[in-house]
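Novice: Below are the sequence and a predicted model for it; my questions follow.
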Amino acid sequence: MSWIPAPVSRFFHRTSSPPHFYALADRFIPWLTVIFLLLLGAGLYGGLYLAPTDYQQGDSYRIIYIHVPAAWMSLFIYVMMAVMGGIALIWRMKLAEVMLISSAPIGAGFTFVALVTGSLWGKPMWGTWWVWDARLTSELILLFLYLGVISLYGAIEEKRAAARAVSILALVGVVNIPIIHYSVQWWNTLHQGPTVSKMDKPSIHVSMLVPLLLMAVAFKFYYLIAVLQAAKLELLKRETSSQWVKALLEKQA
Amino acid sequence: MSWESFLYMGGYALYVWPAYGVTALVLLGNLFWPVWQRRQLLRQLTIKQKRSQVR
Amino acid sequence: MPIIQAFWAIIRRDLLLAFRRRAEMANPLFFFVLVVTLFPLAVGAQPNLLRAMAPGVIWVSALLAALLSLDSLFRSDFDDGSLEQMLLSPHALSVLVLGKIIAHWLVTGLPLLLVAPLLAVFLGLPEQAMGTLWLTLILATPLLSLIGAIGVALTVGLRRGGMLLSLLVLPLYVPVLIFASGAVDRAASGLPVDAQLNILTAMLLSALVLVPLPTAAALKMSVN
């Protein structure tokens, strides 16, 4: 692509070569882990201990420190997957394919966490484990989108073809997510149940907000670590017979 | 605040702690499953390589 | 051959092929009626309950009928190699694909309009909602064929893609289901439905433009 400056494209080319990326991931993971643990510790301390009890919801609101960041991550990772899919389709970049498919289980995990914690939060609020609330419902559909990506990749045996298929699906999904989101919201206002959603709190006190943001950033770092680990595995799986894997094995032996 | 009252979570311990527990399980699983898989794969590959060198 | 001609030729060919297998054409229709019949049997025949559920029941059944008919969209062309011919042809694959989707809708989606009044009577849907039901069927069944085409194109190369296809396609059908059944629901209670119909129209128009691209890309992936 001529419209990208040469140094930038050279940098991407070098970083995206599997052995280089593998080594780079190894070098970054310890640092990322340290940052993640610090943010996680601060977020949990602030959220579970420092932040005052909510006058309406009591201490049950402390679930938001994982529910809301997990819900954000579930969307963020899907968008990342679509970006990777676009890169994989346009530039045929192997690394983007690997990152895309490595992200899927992590995103599905966060979506699952958002659903379970939402349900655990809803039980004392609504009195039932499940309410067809707009956020929970779109999160459930998002989980199906993730499962579709994972199953499609598993079903196609030729992995380059599978990666192309998954890239297309991720792009189609990301176009649909806002439509699904708004349609579900409209549907929810139409069939408003006896309970009003308490999950959307427009105003939130600073001592509650800071831990929330800390947790959100901590989850971003977790994603980086987890996706690098998964990508390392996926790269090894794909390139078992290549020269750099042999060199790696010799170095380890 | 004592440990007991912290763990008690104002009566919501039954909801708060399982939520954090599930989150920890899922996140740890997603993190260590690929690490474990990679170790297995590397071990297999090393065995394979040794065999081919012997021959 | 100019592209427009190729487009019409595809539609004509697919319609011709479909008319040769008339018996198969009726299957989605029977399925549609059958699924709707199951609901009163399952939940009981209270007229009030059925009337309240009618828009949802009709639309879920239409969704399932569309889903089941999707497989025939590219299957035979994939098996006999004509899909490869289409890939090799000088015309843009996305235009040819659009022709195939339209032909498929004419055969499987349009007939649903014929039995819709029957089902509305079965479920006791008010007469004032009939026009809206037809309109939503006209606007939304092509959407089902279009969105489904992406899923079929992704899975046509797989031996057992059926379950996977529903996993891929049904979540994407959610907005169509919400707006279509919502419109019928509102019409049944005498409320205006312009907003829903406008949204469905907007979705249909954008799908007509956007869907052929990923479908063509997915077919290229599946054939190679």
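Specialist: Now that the structure is in, tell me what you want to look at.

Novice: mind showing which ranges of the chain have poor pLDDT?
Specialist: By default, I'm working from chain A. Chain A contains residues with pLDDT under 70 at A:1-3, A:190-204.

Novice: Can you look at chain B instead?
Specialist: Along chain B, segments meeting pLDDT under 70 span B:1, B:55.

Novice: now the top helix by length along chain B, how far from the chain's geometric center?
Specialist: Looking only at chain B and at elements set by DSSP state H, the helix with the highest residue count is helix B:13-54. With CA atoms, centre = their mean, to the nearest Å as the basis, helix B:13-54 stands 7 Å off its chain's centre.

Novice: Tell me if it is near chain A.
Specialist: Yes: against chain A, helix B:13-54 shows contacts by CB under 8 Å from any CB of the partner chain at B:15-16, B:18-20, B:22-23, B:26-27, B:29-31, B:34-35, B:37-38, B:41-42, B:45-46, B:49. Every C-beta, even on glycine, is put in place using the N, C-alpha and C of the backbone.

Novice: out of those residues, which are buried?
Specialist: The neighbour-count test (16 or more other CB atoms under 10 Å in any protein chain shown) marks B:15-16, B:19-20, B:22-23, B:26-27, B:30-31, B:34, B:37-38, B:41-42, B:45 as buried among those.

Novice: secondary structure element for A:L236?
Specialist: A:L236 is part of helix A:206-238 when elements are defined by DSSP states H and E.

Novice: do the following helix or strand past that helix and chain B meet?
Specialist: Read in the C-terminal direction, the helix or strand following helix A:206-238 is helix A:243-252, with elements assigned using DSSP H and E. Yes: counting by CB under 8 Å from any CB, contacts between helix A:243-252 and chain B involve A:245-246, A:249-250, A:252.

Novice: Go ahead and name everything in contact with stretch A:14-30.
Specialist: Stretch A:14-30 has contacts (CB atoms under 8 Å, 6 or more residues apart in numbering or on different chains) with A:93-96, A:225, A:228-229, A:231-232, A:235, A:239, A:242, A:244, A:247-248.

Novice: for those residues, which one is nearest C:F19?
Specialist: Distance to C:F19, by CB to CB, is smallest for A:A96 among the contacts of stretch A:14-30, at 45.4 Å.

Novice: circling back: considering only the residues of helix A:243-252 next to chain B, which also neighbour chain C?
Specialist: Of the entries in the residues of helix A:243-252 next to chain B, not a single one is placed beside chain C under the rule of CB under 8 Å from any CB.

Novice: Ranking by neighbours, what's the top pick from those residues?
Specialist: Neighbours here are counted as other CB atoms under 10 Å in any protein chain shown. On that basis the top member of these is A:V245, with 21 neighbours.

Novice: thought it was touching A:K237?
Specialist: No: counting by CB atoms under 8 Å, A:V245 sits too far from A:K237 to count as a contact (10.0 Å).

Novice: measure C:L197 to chain B for me?
Specialist: Shown here: C:L197 relative to chain B, a distance of 42 Å by CB to the nearest CB, to the nearest Å.

Novice: How about the helix or strand that residue falls within and chain A, any contact?
Specialist: Take DSSP H and E as the rule and C:L197 turns out to sit in helix C:194-210. Yes: part of helix C:194-210 sits close enough to chain A to count as contact by CB under 8 Å from any CB, namely C:203, C:210.

Novice: A:L228: neighbouring residues, count only.
Specialist: Neighbourhood size, A:L228 [other CB under 10 Å]: 20.

Novice: Could you find the closest non-adjacent residue to it?
Specialist: By the measure of CB to CB, 6 or more residues apart in numbering or on different chains, the closest residue to A:L228 outside its immediate chain neighbours is A:A25, 4.3 Å from it.

Novice: For chain A, what lies in contact range of chain C?
Specialist: Within chain A, the positions adjacent to chain C are A:89, A:141, A:144-145, A:147-148, A:151-152, A:155-156, A:161, A:164-165, A:168-169, A:171-173, A:175-176, A:179-180, A:183-184, A:186-187, A:190 by CB under 8 Å from any CB.

Novice: Quick check on the residues you listed: which are buried?
Specialist: With neighbours counted using 16+ other CB under 10 Å, those contain these buried positions: A:89, A:141, A:144-145, A:147-148, A:152, A:155-156, A:161, A:164-165, A:168-169, A:171-173, A:176, A:179-180, A:183-184, A:186-187.

Novice: Show me the residues you listed that map onto strands.
Specialist: Secondary structure of those is defined by DSSP state E; no position falls in strands.

Novice: other SSEs contacting the helix or strand hosting C:L16?
Specialist: Assignment of secondary structure by DSSP H and E places C:L16 within helix C:3-20. Helix C:3-20 sits against helix C:22-25, helix C:93-108, with contacts defined as 3 or more CB pairs under 8 Å, 6 or more residues apart in numbering or on different chains; DSSP states H and E.

Novice: Looking at the stretch 51-200 of chain A, what residue ends up closest to chain C?
Specialist: Ranked by CB to the nearest CB, the top residue of the stretch 51-200 of chain A for proximity to chain C is A:S183, at 3.8 Å.

Novice: If I look at the nearest residue in space to that residue that is not next to it in sequence, what pLDDT would I see?
Specialist: Among residues not flanking A:S183 along the chain, C:P175 sits closest, at 3.8 Å (CB to CB, 6+ apart). You'll see C:P175 listed with a pLDDT of 94.

Novice: Would you confirm that C:P175 contacts A:H181?
Specialist: No: with contacts counted by CB under 8 Å, C:P175 stays clear of A:H181, the gap being 9.2 Å.

Novice: quick one: which of these two has more around it?
Specialist: The neighbour comparison of C:P175 against A:H181 (other CB under 10 Å) goes to C:P175, with 26 against 19.

Novice: burial count for B:A13?
Specialist: Counted by other CB under 10 Å, the residues lying close to B:A13 total 14.
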